[in-house]
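Trainee: show me the folded form of this:
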Amino acid sequence: MRITIWHDVHRDHYDGYEPHHPMLRVFSYQAAPGDPETELWRAVEMFNGPPAFLAPGDRATAAAYRWRGLRSFSTGDGFSALEEGSARELFWVSNGVQLLPQTDAFACLAVDGRSGSQPLGGLVTYMIPAHSDQVRQGLFEAVTGSEAGLRMAVGVHHGVTPGEVVLIPSR
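Mentor: Sure thing, here's the model as predicted:
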């Protein structure tokens, strides 16, 4: 299962996530198959707790997160989980006490970082005509940098097939 950490980069993110808040993809890693929510609570510990108290494998993941200069996981931040064989990511946000499941993907994607929130992935400009004629941008990790890989990454995020994604070339 792939876990992705998202930072809410809106100035009011400590008040909690709102759908108009820009979410920035900052880190992802592979986790063993299992219950996504259990893995997310493990991630909260890895990205907030002292490394000395973590299991050895978790220490390596936490060290990679910290090496990127990322701030701790906070209120308003989110997770996505992509289970093996699934064509759709599942999303959660933190309210500081709970992880709240989201019914849809993060719609407002940030493409620039700020202190403690470094962007991860390549910039993709795209449309999903079946949803709207809105031109969107986001950072996506693709298995390959090919057009098919990028369409797959965007589709998985939005829960649509790659054929429903139209990539817009950079100028």
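Trainee: start to end distance for stretch 164-171?
Mentor: The straight-line separation of the ends of stretch 164-171 (CA to CA, to the nearest Å) is 22 Å.
Trainee: next, the buried residues of that stretch.
Mentor: Neighbour counts over stretch 164-171 (16 or more other CB atoms under 10 Å) mark 164, 165 as buried. (Each C-beta comes from the backbone N, C-alpha and C, glycine too.)
Trainee: now find how far off-centre that stretch is within its chain.
Mentor: Distance of stretch 164-171 from the chain centroid (CA atoms, centre = their mean, to the nearest Å) equals 21 Å.
Trainee: please renumber the chain so that the first residue is 35 from this point on.
Mentor: Got it, the first residue is 35 from now on, which makes the last one we talked about stretch 198-205.
Trainee: now it: mean pLDDT?
Mentor: Taken as a whole, stretch 198-205 has an average pLDDT of 89.
Trainee: and for it, what's in contact with it?
Mentor: 157-164, 169, 181, 184-185, 188-189, 192 (CB atoms under 8 Å, 6 or more residues apart in numbering).
Trainee: of those, which is the most crowded?
Mentor: residue 188 (24 neighbours; other CB atoms under 10 Å).
Trainee: tell me both backbone torsions, phi and psi, for that one.
Mentor: Recorded main-chain torsions at residue 188 are phi -70, psi -40, according to degrees, to the nearest 10.
Trainee: measure it to residue 163 for me?
Mentor: The spacing between residue 188 and residue 163, counted by CB to CB, to the nearest Å, is 13 Å.
Trainee: ok, now residue 80?
Mentor: Going from residue 80 to residue 163 by CB to CB gives 39 Å.
Trainee: just the contacts of stretch 198-205 now: which is nearest residue 119?
Mentor: Among those, residue 189 lies closest to residue 119 (CB to CB), at 14.6 Å.
Trainee: hang on, the closest one in a strand?
Mentor: No: looking at residue 189 with DSSP: H, G, I helix; E, B strand; the rest coil, it is helix, so not inside a strand.
Trainee: right, and it touches residue 176 too?
Mentor: No: between residue 189 and residue 176 there is no contact under CB atoms under 8 Å: 10.9 Å.
Trainee: one step back: which of the contacts of stretch 198-205 fall in strands?
Mentor: Among the contacts of stretch 198-205, DSSP state E puts 157, 158, 159, 160, 161 in strands.
Trainee: just name the closest of those to residue 73, please.
Mentor: Distances from residue 73 to these, taken by CB to CB, are shortest for residue 158, at 26.0 Å.
Trainee: many thanks, have a good one.
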